[in-house]
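*Asks:* Need the 3D shape of this:
(one chain, ligands or ions: 1)
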Amino acid sequence: MNPVYRKAPPRPSAEAQRRLAYFNERRDAIVSTIRELVEIESPSDNKAAVHRMAEAVAQKFSQLGGNVKLKVNVRIHPAKDFGNHLQVDFPGNSAAKPVLLLGHYDTVYPLGTLAAMPCRVADNKLTGPGVLDMKSGIALMLHALAALQDWHKEDWHKADLPRPVTVLLVSDEEVGSDSSRPITESLAKKAAAVLVLEPSYGLQGAVKTARKGVGGYLVKVTGKAAHAGLDFQKGVNAILELARQIEKISGFTELKKGLTVNVGIVSGGSRTNVVPAEAAAQVDVRIARMKDAAGIDRKMHSLRAFNRKCKIEITGGINRPPMERTAGVAALYVQAAAIARELGWKLGEAAVGGGSDGNFTAGLGIPTLDGLGGVGDGAHAPHEHILISELPRRAALIAGLIELC
Ligand SMILES: [Zn+2]
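*Replies:* Residues are numbered from 1 along each chain as shown. Sure, this is the predicted structure:
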């Protein structure tokens, strides 16, 4: 039996109850913000589409604070081959280092997906492309920040936030974050902590305190073409060579270390009656510990042809470092769990195999907590959805973390 249910859940404090009630009242407003964002399709590889999304989100962030004139600073980072990245800085009521709220507004779904996978509410679920990964996360940022302004506007000047906050939303996370990575890293270095509003883990909404690092390699083999009937012996079969390499590469997996090597795509050959001159494999590598990065990278790049008549070329490397559960990450989790307890809920944590931009910030040693966004299932799949009933306490958790971390 799950230990979470063995005892009665913790009782929310009076202040926590007030905050939960606040977000419960605004639950439909959060849903409609999510819906607006989902209904602007934003595949990573369509610059015009992600641009529209960036404009819409920028406008929403600049409207925060209602009638109060805020010194919100919206900054667009232009990207050549991808959509622009959006940075929003909110002044704070203290000299504390800012907290960085990190996320992305691109999705894996091509334009037109919405027609087959509409944004709908049914039985506590909100469905649609990117609803979990991670448009609900963006909506939660907006509503948590609006609430903090609202709660503190009597105490402080012009609805400043309790501390400076920087929001960074990138357009290329689903395709490796090459163009946004330097921006993410430079903002993280200035932050006290990074809160990543990627989807949470499982239907209990656990946060992510460890993520594997990710690498990608292309192994290309060149042999020699020949007629399979007339000149069989003059040919050098690139597929055969690649098959032997695949066996070897797959042997690099070390499950105990959390190191996996997956040959995911192979191609090669032209016709059955031709000895194939070309073959290639695309390889996905995952590492749980940074100290394993150099070793596996060296192994991949030292592959040599079994058949000396073949040429073998290896390109690629480790793209995202692992997010390790450092002391800084663990402390941030403890803080989040304490806030959740106040709210009457036991917040779990999980280590996952997938990477996010949180890997970059944790890799720099900045305390990072990931998976703070929507609770649901089916990221990148036709049944992608979030649970609507989870939104209020999620928003309350994020608001609490912004104040305290
Ligand atoms: Zn994501």
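*Asks:* which residue ranges form the strands in the stretch 251-400 of the chain?
*Replies:* With strands called from DSSP state E, counting those that start in this stretch, the stretch 251-400 of the chain shows them at 260-268, 274-275, 278-287, 311-320, 349-352, 368-369, 376-377, 385-387.
*Asks:* I'd say residue 38 and residue 134 touch.
*Replies:* No. Under the criterion of C-beta atoms under 8 Å, residue 38 is not in contact with residue 134, lying 10.8 Å apart. No exception for glycine: its C-beta is placed from N, CA and C like everyone else's.
*Asks:* So which of the strands of the stretch 251-400 of the chain is the most surrounded?
*Replies:* strand 368-369 (a mean of 29; mean count of other C-beta atoms under 10 Å).
*Asks:* Quickly run through the sheet partners of it, with directions.
*Replies:* Strand 368-369 has its sheet partners listed here by DSSP bridges as strand 193-196 (parallel).
*Asks:* Show me which residues of the partner strand are buried.
*Replies:* 193, 194, 195, 196 (16 or more other C-beta atoms under 10 Å).
*Asks:* from those residues, which single one is nearest residue 401?
*Replies:* residue 195 (5.9 Å; C-beta to C-beta).
*Asks:* what about that closest one, distance to the ion?
*Replies:* Applying C-beta to the ion, to the nearest Å, the value for residue 195 to the ion is 14 Å.
*Asks:* change the start of the numbering to 18 and stick with it
*Replies:* Fine by me, first position is 18 from now on; the one you just mentioned is residue 212.
*Asks:* separation between that residue and residue 422?
*Replies:* 7 Å (C-beta to C-beta, to the nearest Å).
*Asks:* Pull up the overlap in contacts between these two.
*Replies:* Residues touching both residue 212 and residue 422 (C-beta atoms under 8 Å, 6 or more residues apart in numbering) are 116, 386.
*Asks:* Below-threshold pLDDT in the protein: ranges please.
*Replies:* 18-27, 82-88, 171-176 (pLDDT under 70).
*Asks:* give me the residue from it nearest the ion.
*Replies:* Closest to the ion within the chain is residue 150: 4.1 Å, counting by C-beta to the ion.
*Asks:* quick one: contacts for residue 30?
*Replies:* Contacts of residue 30 (C-beta under 8 Å, 6+ apart): residue 359.
*Asks:* if I look at it, how far off is residue 422?
*Replies:* 19 Å.
*Asks:* Check residue 29 too.
*Replies:* 20 Å.
*Asks:* returning to what we had before: let me see the contact set for the residue of the chain closest to the ion.
*Replies:* 124, 125, 215, 216, 396, 397, 401.
*Asks:* Having no further points to raise, I will conclude here.
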